[in-house]
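Chemist: Return a 3D structure for these sequence lines:
(one chain, ligands or ions: 1)
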Amino acid sequence: MTIEVWRGDITTLDVDAIVNAANSSLLGGGGVDGAIHRAAGGELIHECRLLGGCKTGEAKITQGYKLPAKFIIHTVGPVWNGGVLGEDALLASCYQRSLEVAVQHRIRSIAFPAISTGIYGFPPERAARIAVQTVTAFLEKNASLERVVLVAFDEPTEGLYRAVLENCHLLELE
Ligand code: ADP
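Modeler: Model (predicted):
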């Protein structure tokens with residue numbers, strides 16, 4: 001199975017689950033979080049209120065409501081602070097925990113936004129490497145996922161994902 005890269009609005013994707021780069025309140029925000037809440041409709045916030053927030057690096061699941069996706073997996077990325085507060089491990093944990101929650105719910109296709117690279121300021125290339133490494137390692141041990149899409153909202157992010165995936169491929173050949 002290969003990781004797909006796709007550029008566009010994650011809320012339009014017809015996959016079993018999309019991942020939300022949420023904040024710890026899980027009560028909505030800007031960026032992809034705002035777009036997901038708008039597209040899912042007002043019922044989403046009611047379910048989110050019952051969840052009691054989410055810690056950085058953790059993930060919680062809700063229904064997808066009006067989205068094409070059946071589920072939303074809400075994860076809270078780290079705010080970038082120069083890399084001295086464990087941001088790399090916390091970002092890897094976002095991908096890892098989201099994939100674990102997905103497998104627990106028999107989800108077969110899942111799409112991720114570039115977690116933490118917007119308002120939270122994580123360096124995009126570093127984030128792309130962590131995303132690809134964590135998803136690749138997970139897929140080597142879990143056969144139940146059929147499709148993982150890394151969604152880039154802009155062209156530079158798409159280019160980063162493609163470059164990182166190309167490098168992975170070269171490393172495998174060596
Ligand atoms: P964070 O607070 O985790 O940094 P943001 O939502 O600010 O989250 O940004 C995370 C990434 O999501 C950024 O790369 C941003 O360009 C991207 N993004 C914003 N809106 C969408 C969307 N509708 N679909 C996919 N990605 C999006």
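Chemist: Setting aside sequence neighbours, what's the nearest residue to the one residue sitting closest to the centre of the chain?
Modeler: When Cα atoms, centre = their mean is applied to the chain, the residue found nearest the centroid is F112 (3.2 Å). For F112, ignoring the flanking residues on the chain, the nearest one in space by Cβ to Cβ, 6 or more residues apart in numbering is V19 at 4.6 Å. All C-beta atoms are positioned from the backbone trio N, CA, C, and that covers glycine.
Chemist: Quick check: mean pLDDT of the helix or strand encompassing the one you found?
Modeler: According to DSSP states H and E, V19 maps onto strand 17-22. Strand 17-22 shows a mean pLDDT of 98 in the predicted model.
Chemist: Kindly report the same for stretch 47-65.
Modeler: Here stretch 47-65 scores 98 as its mean pLDDT.
Chemist: just to revisit the earlier point, distance of the residue nearest to the centre of the chain relative to the ligand?
Modeler: Separation of F112 from the ligand (Cβ to the nearest ligand atom, to the nearest Å) stands at 9 Å.
Chemist: now that residue, which residues is it bridged with?
Modeler: Beta-bridge pairing of F112 under DSSP bridges involves L150.
Chemist: List the residues that contact it.
Modeler: 18-19, 95, 98, 131, 135, 148-151 (Cβ atoms under 8 Å, 6 or more residues apart in numbering).
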